[in-house]
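Student: Task: produce atomic coordinates for the following.
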Amino acid sequence: MASRDFDDKAIVYDEKNSRTILKTDSIVDSIVDSFIDRAKFGKLKYNTDLDRLDLSLSDWLQHAIEEHMDAILYLKKIKSIVDGKNKL
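Tutor: Numbering: from 1, shown residues only. You can find the predicted model right below:
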């Protein structure tokens, strides 16, 4: 996908190291909100964030593998429901 120059920026930064994310469409807005909510939840639950420096590259890869394994399980469950092999 080619990069495009837009007159209107979707993210506006201010001098206080803060930002405002402008609305785009309902799907993108929902995903952005979900990422922000998930980051806040993780910070509260684990008292850390993705800026942490205590994990090796191998540790990060293991976390990603486990998260993707969970995602595959969820997708398989959803497919079985859609295919009528499993009920909610």
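Student: and stretch 15-29, how far from the chain's centre?
Tutor: 15 Å (CA atoms, centre = their mean, to the nearest Å).
Student: secondary structure class for the spatially most central residue of the chain?
Tutor: The C-alpha lying nearest the average C-alpha coordinate of the chain belongs to F35 (CA atoms, centre = their mean; 4.1 Å). Three-state assignment for F35 (DSSP: H, G, I helix; E, B strand; the rest coil): helix.
Student: Next up, the contacts around it.
Tutor: Under the criterion of CB atoms under 8 Å, 6 or more residues apart in numbering, F35 has no neighbours. (C-beta placed from N, C-alpha, C; glycine too.)
Student: Numbering from 49 from now on, please.
Tutor: Sure, I'll start counting at 49 from here, so that last one is F83.
Student: roughly how far apart are it and I69?
Tutor: Separation of F83 from I69 (CB to CB, to the nearest Å): 10 Å.
Student: what's the answer for N95, then?
Tutor: 25 Å.
Student: Y94 now?
Tutor: Between Y94 and I69 the computed distance is 24 Å (CB to CB).
Student: go on, V80?
Tutor: 6 Å.
Student: Domain ranges for this protein, per the record?
Tutor: By the record's domain assignment, the chain is partitioned as 55-100, 103-136 (automatic domain parsing).
Student: what sits against the closest residue to L70 other than its chain neighbours?
Tutor: Spatial nearest neighbour of L70, excluding adjacent residues (CB to CB, 6 or more residues apart in numbering): A58 at 5.3 Å. A58 makes contact with I69, L70, T72, according to CB under 8 Å, 6+ apart.
Student: Can you report how many residues neighbour the second one?
Tutor: Okay, so that is L70. Counted with other CB atoms under 10 Å, the neighbours of L70 add up to 10.
Student: Could you check how far it is from K57?
Tutor: In terms of CB to CB, L70 sits 8 Å off from K57.
Student: What of the last one?
Tutor: For T72, the distance to K57 (CB to CB) stands at 11 Å.
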